[in-house]
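K.L.:
just coords:
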């Protein structure tokens, strides 16, 4: 044993150290090492090591049990002290834990939202091989992207390219009337589609066989929800259901679509049933079919995309090409990108906005950050008061390691409690959150592995940082110094704390400004003059091939018989609903003047009923039968986009496209016929009864129940097969604001949370600081300082930080909100008042928070604070 | 106070026998020498801990020694209570064996 001792292997030392107290460790490791080093010489290091591990492992259970047994006593003490501290400083503890819990709760919900948004269509098997083919169309003056292609393309590339395994087209049937016996509803989300769709998307069947389910004409696959709705518990396979008057055989029941897919289906009808469109199936230019392909494995999608990009010109006949005014090329969109990253026109459902998703994500993180900062901040401040405890524990023999464990453990416990509270908060506000976010989350969504994992990581991080100051700094002090000075000064950390408070308030003030901007913009849009009268208007529509279209005059006359109906007009669409684009060009000029126009087919009463103002020319006149399917009325934007300089110049010009073919007889002033967020587009109106499918009634009083029921009676008389559904025109426009209202709500809630949490932080910090300056205040008071003087003195410091926060937040908020406003064609200017107002509110709120404490401190009797000196 | 277990008894006796040099390694070696059994450290430490808790032995930290690379040995000494317990164990054993006929191996060997 004269040779220098080989040390025990590191891992075994670590193991021993974990489970043994310091003195025991010294003994046991010493004993083991002695024998180990002897054995290492005698029987060689390898066998010595084996022996050692045998010993250590054999001893492990004993050591562990022992350590638990001994530590339990100390542990009890720690728990007791922790709980005492929580109850002793109830206010602090509440602020601290509750603040963190609120932050975590909102972060949890936002996490749910964000993960759902980014998981769209991720569940499809082989999702990396599924693409949608979209169109890039180009005329000489106009170009854009469109989410659908002609019906010929899909089958063609499937046939001619081995790279394509499956190709399926879908075509949305707009709100058909679905009927089973006496059950009758207008359904949304009904699609014509190919059999291949079932091979491309992961649509699981509950009943029926997916193979061949959609190959024959007049077959339909129901979602589980629809099966339940029309058939109850019965298994509907083989039964029939009526869609728009036609009978369909049910060949399958599929699982309900998950919420995170852009293709939400209820009824899937075989494309073979689409009789009236069959003759157009070889057409390449009728771009209304959204087409999905699944490529064969190992096909390079980029190269294949290039291959089919200009497919059109190879296959379409020369004649067809010439008739067409736009040139189309094709491109692929990975299915997982459609929801957030596509945002082209012609989507099935309004896509998500990646900016909003990342925006909410960032805000969520910020709130969590504020809450965590607060928690650490307050814990640190509070732990500083416990220097005496540390001193005493040290005197009694606590080792540094034990103190570190104690304080870290305490911090972990607090953050753990906060997490439990956060979960219950999140569960409670889940319905509210669903309402705002438009999602359908349930409690179980909160319990997924990812969230639990993130939670554990957060608990550890938050616990560690909030406990690290007392654990590592306080435990370092010598007991003597602690008792001498009474407490340790936290001046170093107090600068840090100030910075943190400034940071928090910066975020809160920025959010506050954001909220004001959102609401001002929202108000601006709501109050914007639309350019037509949307009040007291009731809108009814019937299905296209009904006899009502021919008898439209009769329909109007019947409704006008009702005394409460003041006016009636029939049309194909109304502002805000059903206005579609067509390509329109000037007859006799080269095709550079071809444009996408919005077309609305109206009767002679439409313009007066909606109180649309004319800028030049005339509206349609009842008595002139030549007005029918002849002349056109366009709006001012159309005049401009066709390159005419004045309304007068446009009069008498000949336009053609879609259902429009005639001379311009009138120019309307611009009005908002769609979302106010969008710029007003060119619009053309034609008097064309063939397309009429709706009637708009003007009532004498706004939205009266009685009138609606009268109208309903009349409607059932006129249209016994149809279902009575109605909409108020003003409410159609209200829906346009909904997504922005959501943003507004979201912002205001975040702001509230941000301010709430920051105030909690400020409150805690003020009370901490005033507590520490109690003696100073006492002395000042005895020397004659006034209550106001002291309150101002104490408040001043905090208000300074808040002011600094405002200065930092203002440009930040301006920059971000200015960006947000760019989304709107018609927007407000961010006025100075918003900033001033936000600043005043921030200062007021923080003043109230601070004053609460400072006034209390200033009013206190100096005797109380100085008595024990 | 219950009786000592066999293990405790062996350990206590060994400590007594070793006198001033009773520490983990030497106790283990002595037991090996006396009984022929090779005990793991675990089976020594656990009873030692128990004995220490019953205050039959006390543990003292020795001076750092060169042979352990500057680490201290931790010596055990039997307390008067420990000695009392040992005596009681001896007495119990004596009484237990009193009156038992001489044990002869079977088969007359």
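P.N.:
That came through fine. Just so it is clear, the model here is predicted, and its values are computed rather than measured.

K.L.:
Flag the shaky bits of the stretch 651-800 of chain A, pLDDT-wise.
P.N.:
A:702-703, A:721-723 (pLDDT under 70).

K.L.:
what ranges do the strands span in it?
P.N.:
A:654-657, A:660-668, A:683-686, A:694-699, A:726-728 (DSSP state E, counting those that start in this stretch).

K.L.:
same question, chain B
P.N.:
B:57-65, B:71-78 (DSSP state E).

K.L.:
can you tell which of the ones you listed is closest to chain A?
P.N.:
Minimum separation from chain A across those (C-beta to the nearest C-beta) falls at strand B:71-78, 3.9 Å. Bear in mind the C-beta positions are built from the backbone N, C-alpha and C, glycine included.

K.L.:
circling back to that earlier point, most packed of the strands of chain B?
P.N.:
With neighbours defined as mean count of other C-beta atoms under 10 Å in any protein chain shown, the strands of chain B peak in mean count at strand B:71-78, which reaches a mean of 20.

K.L.:
With mean neighbour count and distance to chain B as extra columns, can I get the strands of the stretch 651-800 of chain A in CSV?
P.N.:
Listed next are the strands of the stretch 651-800 of chain A as CSV, based on neighbours: other C-beta atoms under 10 Å in any protein chain shown; distance: least, C-beta to the nearest C-beta, whole Å:
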stretch, mean neighbour count, distance to chain B
strand A:654-657, 18, 93
strand A:660-668, 21, 96
strand A:683-686, 25, 90
strand A:694-699, 23, 89
strand A:726-728, 16, 82
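
K.L.:
so can I have a markdown table of those showing distance to residue A:148?
P.N.:
Converted to a markdown table, those look like this (distance: least, C-beta to C-beta, whole Å):
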| stretch | distance to residue A:148 |
| --- | --- |
| strand A:654-657 | 19 |
| strand A:660-668 | 22 |
| strand A:683-686 | 23 |
| strand A:694-699 | 24 |
| strand A:726-728 | 26 |
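
K.L.:
rewinding a little: now the strands of chain B in CSV, with mean pLDDT and distance to residue A:526?
P.N.:
Below are the strands of chain B laid out as CSV (pLDDT from 0 to 100; distance: least, C-beta to C-beta, whole Å):
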stretch, mean pLDDT, distance to residue A:526
strand B:57-65, 83, 83
strand B:71-78, 86, 81
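
K.L.:
got a markdown table for these, with distance to chain A too?
P.N.:
Shown next, in a markdown table, are the strands of chain B (distance: least, C-beta to the nearest C-beta, whole Å):
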| stretch | distance to chain A |
| --- | --- |
| strand B:57-65 | 7 |
| strand B:71-78 | 4 |
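
K.L.:
Around residue B:42, count how many other residues there are.
P.N.:
18 (other C-beta atoms under 10 Å in any protein chain shown).

K.L.:
ok, it - contacts?
P.N.:
A:55, A:58, A:59, A:60, A:61, A:62, A:63 (C-beta atoms under 8 Å, 6 or more residues apart in numbering or on different chains).

K.L.:
ok, how many other residues are close to residue 20?
P.N.:
I'll assume chain A. Residue A:20 is flanked by 21 other residues according to other C-beta under 10 Å.

K.L.:
wait, I meant chain B there
P.N.:
Using other C-beta under 10 Å, residue B:20 has 8 neighbouring residues.

K.L.:
what separates it from chain A, distance-wise?
P.N.:
17 Å (C-beta to the nearest C-beta, to the nearest Å).

K.L.:
Now do the closest residue to residue B:38 other than its chain neighbours, the pLDDT please.
P.N.:
With sequence-adjacent residues excluded and distances taken as C-beta to C-beta, 6 or more residues apart in numbering or on different chains, residue B:38 is closest to residue B:32, at 5.6 Å. pLDDT, residue B:32: 90.

K.L.:
out of everything not next to it in sequence, what's closest to the most centrally placed residue in chain B?
P.N.:
Against the mean C-alpha coordinate of chain B, by C-alpha atoms, centre = their mean, the closest residue is residue B:11 at 1.2 Å. Leaving aside its sequence neighbours, residue B:11 sits nearest to residue B:47 (C-beta to C-beta, 6+ apart; 5.4 Å).

K.L.:
I figured the one you found hits residue B:6, correct?
P.N.:
No. Using C-beta atoms under 8 Å, residue B:47 is not in contact with residue B:6, being 9.9 Å away.

K.L.:
how near is the residue in the stretch 551-700 of chain A positioned nearest to chain B to residue A:824?
P.N.:
For the stretch 551-700 of chain A, the residue closest to chain B is residue A:677, as judged by C-beta to the nearest C-beta, at 75.5 Å. Here residue A:677 is placed at a distance of 5 Å from residue A:824 (C-beta to C-beta, to the nearest Å).

K.L.:
any residues in contact with both of those two?
P.N.:
What both residue A:677 and residue A:824 touch, as defined by C-beta under 8 Å, 6+ apart, is the set residue A:525.

K.L.:
re earlier: and residue B:47 and residue B:6? which has more neighbours close in?
P.N.:
Taking other C-beta under 10 Å, residue B:47 and residue B:6 do not tie; residue B:47 has more neighbours (22 against 10).

K.L.:
so what's residue A:206 up against?
P.N.:
Applying C-beta under 8 Å, 6+ apart, the residues near residue A:206 are A:224, A:253, A:254, A:255.
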